[in-house]
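J.: Next input, structure requested:
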Amino acid sequence: MSENTKTSNHNLEENLFTEFPKPTAQEWRDVVEKSLKGATIEEKLVTKTYEEIALKPMYGDEDLANYPYLKSQPGEFPYVRGTNEQGYLDQAWEICQEIDCASAEEFNRVARHDLDRGQTMLKIRLNDSVETNNGNPKKGLILKSVSDFRTAFQNINLEEVPLYIETVNGGQAFFGTFIAYLQQQNYDLTKIKGCIGMDPLSNLVKEGTLPYKIENAYKMMGEITKWSVKNTPNLRNILVQSHPYHDAGGNAVHELAFAISSGLEYLREMDQQQVSLDDAASKMLFSFSIGSNFFMEIAKLRAARMIWARIMKELGGNDASQKMKIHSRTSAWTKTIYDPYVNILRGTVEAFAGVIGGTDTLHISPFDESIKPSEEFSRRIARNTHLILDKESNLSKVTDPAGGSWYIESLTYTLAEKVWELFQLIEEKGGMLKAIQFGLPQDLVSKVANEKINNIKTRKDKFIGTNIFPNLNEIPLETKGAKNSNEVNLETSKNESLEFLTEVISLNGSSVEDTIDAANNGAAIVNILHAMNLEKSDGLIVNPLTIHRGAQSYEELRQNSQKFKDTNGEFPTVFVANFGPVAAYKPRTDFVTDFFEVGGFKVLQNKGFTSIDEIVDAFKNSESTIVVVCSTDDQYSENVPTICKQIKGQNPDTKILLAGKPSIEEMDLFKQYGIDDFINMTVNNFETLVNLQQNGGFMK
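T.: Predicted structure coming up:
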């Protein structure tokens, strides 16, 4: 393009834009509020998030006037825009899919298959019943000794494939066994990457207690960290997870404040274990859940990096220590067991937010994750979602695409301020452990979770296919054939080398080298733990978080109705008494149908009735015990008294509901006629359906 052409185009743009004067923010407000007919923008167009952040309908450069970090570039302090100046151009996020298999043999087969098809990092969920020997098998991979590691990682080059494993309660015993396996395979330990991490505070708040004193956990963490700094420089071992708070219904402020406070607690404890600040920080990995509030989740990761960088700088940490390493996983809270293919869409949106937010590694939930151990098809869809975001959408080709967005930048800063307030409150309590003991995180999360659940039950928050637009004819996913941990041999004999272990570990103070030697001598992880003589928890018991998915209560309603169908041949039924012109009752009939089907009720449809006698006869023949009167408000006052009298005259136990929202005076009058309840957009859908299931004998 010639210089003359460039100049001409530039002048044209200037002329076009100067022709229309730029309106001020106040002028825009005046025009908008005029259209609102007396209401203010704050009353009608500003929405509140669960984080108590007010979202405006429009943002401009004036919203960013006082944000100090805006001139920073990617890779520059405070790392809001990412810790790498090239973003994903140097390396895309790791495709870190969790493989949920019980046996080492099955894990190896699945891992090799998935690594050959795009996965770049292995996330392993451990079955913690092995480490604690608690006799209560849970989901996850069973690794009892070096021989199981050998089976699990056969023909997988761990110098090329990073790992993410939470050691749960296994701690140093698991870590030592893993290192023993690596040594036996002659791996170069400096090339092993990923995280084999402990997160005792996360386990404490999730389970309510620990199997040993938390001081023992910190001692193990310190031993592993000191050993790892010298021998496995690219392997992290301190894990900080926000998932329990997210999965219990917490908001973004909770996740960040509790995770960052936990991270700071670990740094302080490592200092007590003679681990330097920079060494401890270099071994940390933060792991966040990514929910469905798209822009909030982008802001969450950006704010997390900014806050951590500022804290580490104040503590005197070097540049590397100020850079938060982030793993993300799509939310478990948002997934459903009904209409499970919608989970693919949810996971895609959440993963998109995680990538835009700048996560380093990412797990995308297979759509059947909340139903059963995932199979090849669901794993492939999740894995390919990564590849589409990277290879087709080219998200790895743009550095910090959210940077400069008035809305996202404002949301990032506002969220960070909220997090900082809660972080300071936790510090006033004495740190994260003290806060958990006081019940602060549990109470705050519970309060927001109750608000979320109420919005789900009133269907303000929607789960497509579950609390709105259900499909009663859907065929459930097949769950047979999936091997779980109960089918895998958990027996761990008292190893022949246990006597040797007890002597060596007790004499030498349970160093990492001791646990490595024990594992090399054939000891199982549980035996090593026993030989370490870890003191049992000394009464450290806290109120655990209640982990559940958002849609779980509705799923239980559907399951109750399904059990009724299995016994009686059909779902509980609801008879709709439509009368009047079709155009008059049809909108309410459609609403009523969806209202009841989300609870597994079958709504008996009809073309409307012309007389009350027809309604009564049809209802009697339907053999239903629930009837919903559906017409216009004008028709109700004239016909409801007679309908109620005749139907309740035949069966007083019949539940009669009215579709609509009459005035309080009218409601009282209708109840005198025999109406039991009312159906409209403001009622608690869930509680109404629960009451009908209980009173109708549909719930066992």
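J.: Mind checking what helix or strand follows the least confident helix or strand in the chain by mean pLDDT in sequence?
T.: Of all helical and strand segments in the chain, the minimum by mean pLDDT, DSSP states H and E falls on helix 129-132, at a mean of 46. Once helix 129-132 ends, the next helix or strand along the chain (criterion: DSSP states H and E) is helix 146-152.
J.: what about that next one, average pLDDT?
T.: Averaging pLDDT along helix 146-152 yields 97.
J.: Now do it: which elements does it pack against?
T.: helix 104-115, helix 171-184 (3 or more CB pairs under 8 Å, 6 or more residues apart in numbering; DSSP states H and E). Yep, even glycine has a C-beta here, placed from its N, CA and C like the rest.
J.: mind running it again at 10 Å?
T.: Here helix 146-152 touches helix 104-115, helix 171-184, helix 512-520, going by 3 or more CB pairs under 10 Å, 6 or more residues apart in numbering; DSSP states H and E.
J.: Quick one: closest of these to residue 462.
T.: helix 104-115 (32.7 Å; CB to CB).
J.: Tell me which residues are up against stretch 421-430.
T.: Applying CB atoms under 10 Å, 6 or more residues apart in numbering, the contact partners of stretch 421-430 are 253-254, 256-258, 260-262, 264-265, 307, 311, 416, 432-438, 440-441, 444.
J.: Write a PyMOL command that selects only the buried members of those residues.
T.: Here is the PyMOL command that selects the buried residues among the contacts of stretch 421-430 (16 or more other CB atoms under 10 Å):
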select buried, resi 253+254+256+257+258+260+261+262+264+265+307+311+416+432+433+435+436+440+441+444
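J.: So the residue nearest to residue 275 when sequence neighbours are not counted versus residue 219, what's the distance?
T.: When the adjacent residues along the chain are set aside, residue 275 lies closest to residue 225, with 5.0 Å between them (CB to CB, 6 or more residues apart in numbering). Relative to residue 219, residue 225 is positioned 11 Å away (CB to CB, to the nearest Å).
J.: Also residue 424?
T.: 29 Å.
J.: For the stretch 51-200 of the chain, give me the ranges with low pLDDT.
T.: Applying pLDDT under 70 to the stretch 51-200 of the chain picks out residues 128-138.
J.: what do you get if the cut-off is 90, keeping everything else the same?
T.: 60-71, 100, 127-140, 168-170 (pLDDT under 90).
J.: The stretch 601-700 of the chain too?
T.: In the stretch 601-700 of the chain (pLDDT under 90), the answer is 605, 607, 634, 637, 695-700.
J.: Which stretches in it count as helices?
T.: 612-622, 633-650, 664-673, 685-695 (DSSP state H, counting those that start in this stretch).
J.: How about the stretch 301-450 of the chain?
T.: According to DSSP H, counting those that start in this stretch, the helices that the stretch 301-450 of the chain contains are 342-357, 376-387, 406-429, 432-438, 440-457.
J.: Residue 153: neighbour count?
T.: 23 (other CB atoms under 10 Å).
J.: any idea how far it is from residue 147?
T.: From residue 153 to residue 147 the distance is 11 Å (CB to CB).
J.: cool, and residue 81?
T.: Residue 81 is 46 Å from residue 147, by CB to CB.
J.: Of these two, give the one with the bigger neighbour count.
T.: residue 81 (26 against 13).
J.: Is the more buried one in a helix, a strand, or coil?
T.: Here residue 81 takes the coil state, with states given by DSSP: H, G, I helix; E, B strand; the rest coil.
J.: Let the chain start at 14 from now.
T.: Okay, residue one is now 14; in that scheme the one you just asked about reads as residue 94.
J.: does it really touch residue 316, like I thought?
T.: No. Using CB atoms under 10 Å, residue 94 is not in contact with residue 316, being 12.0 Å away.
J.: Make sure residue 177 is indeed in a strand.
T.: Yes. Looking at residue 177 with three-state DSSP, it is inside a strand.
J.: Give the full set of residues in contact with the residue nearest the centre of the chain.
T.: The C-alpha lying nearest the average C-alpha coordinate of the chain belongs to residue 344 (CA atoms, centre = their mean; 2.5 Å). Shown in contact with residue 344 (CB under 10 Å, 6+ apart): 256, 259-260, 301-306, 310, 359-360, 363, 378, 562-563.
J.: Give me the nearest residue to it, chain neighbours excluded.
T.: Looking at residue 344 with CB to CB, 6+ apart, the closest residue is residue 304, at 4.5 Å.
J.: What of residue 571?
T.: Per CB to CB, 6+ apart, closest to residue 571 is residue 613, 4.4 Å.
J.: do residue 244 as well
T.: That would be residue 202: by CB to CB, 6+ apart, it lies 5.3 Å from residue 244.
J.: Looks like that neighbour contacts residue 194 (just checking).
T.: No. Applying CB under 10 Å, one finds residue 202 not in contact with residue 194, separated by 11.4 Å.
J.: More neighbours: the two, which one.
T.: More crowded of residue 202 and residue 194, by other CB under 10 Å: residue 194, with 23 against 16.
J.: what's near enough to touch the residue lying closest to the more buried one once chain neighbours are set aside?
T.: Using CB to CB, 6+ apart and skipping the chain neighbours, the partner closest in space to residue 194 is residue 162 (3.8 Å). Contacts for residue 162 (CB under 10 Å, 6+ apart) come out as 117, 156, 171, 187, 190, 191, 193, 194, 195, 197, 198, 532.
J.: Walk me through the domains of this structure.
T.: 107-470, 565-708 (automatic domain parsing).
J.: Quick check: end-to-end length of the longest one?
T.: Same thing as domain 107-470. 37 Å (CA to CA, to the nearest Å).
J.: Is it correct that residue 110 falls within a helix?
T.: No. Applying three-state DSSP, one finds residue 110 to be strand, outside a helix.
J.: what's near enough to touch it?
T.: Applying CB under 10 Å, 6+ apart, the residues near residue 110 are 123-124, 127-128, 131-136, 177, 342, 375-379, 387, 392, 395-396, 399.
J.: can you count the residues close to residue 228?
T.: 14.
J.: Is residue 66 in contact with residue 316, as I believe?
T.: No. Residue 66 lies out of contact with residue 316 (CB under 10 Å); the separation is 11.4 Å.
J.: The two: which is more packed in?
T.: Between residue 66 and residue 316, counted using other CB under 10 Å, the more crowded position is residue 316 (27 against 19).
J.: which non-adjacent residue is nearest residue 664?
T.: Excluding the flanking residues, the one nearest residue 664 by CB to CB, 6+ apart is residue 638, at 7.5 Å.
J.: ok, back up a step: could you dump the helices and strands packed on helix 159-165 to a markdown table with distance to residue 403?
T.: Shown next, in a markdown table, are the helices and strands packed on helix 159-165 (distance: least, CB to CB, whole Å):
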| stretch | distance to residue 403 |
| --- | --- |
| helix 117-128 | 16 |
| helix 184-197 | 30 |
| helix 525-533 | 37 |
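J.: Of these, which stretch is the most buried?
T.: helix 184-197 (a mean of 25; mean count of other CB atoms under 10 Å).
J.: so it versus helix 525-533, what angle?
T.: 70 degrees (axes from the mean of the first three to the mean of the last three CA atoms, to 10 degrees).
J.: Which parts of the stretch 514-663 of the chain are strands?
T.: Taking DSSP state E, counting those that start in this stretch to define them, one finds strands in the stretch 514-663 of the chain at 586-591, 615-617, 639-643.
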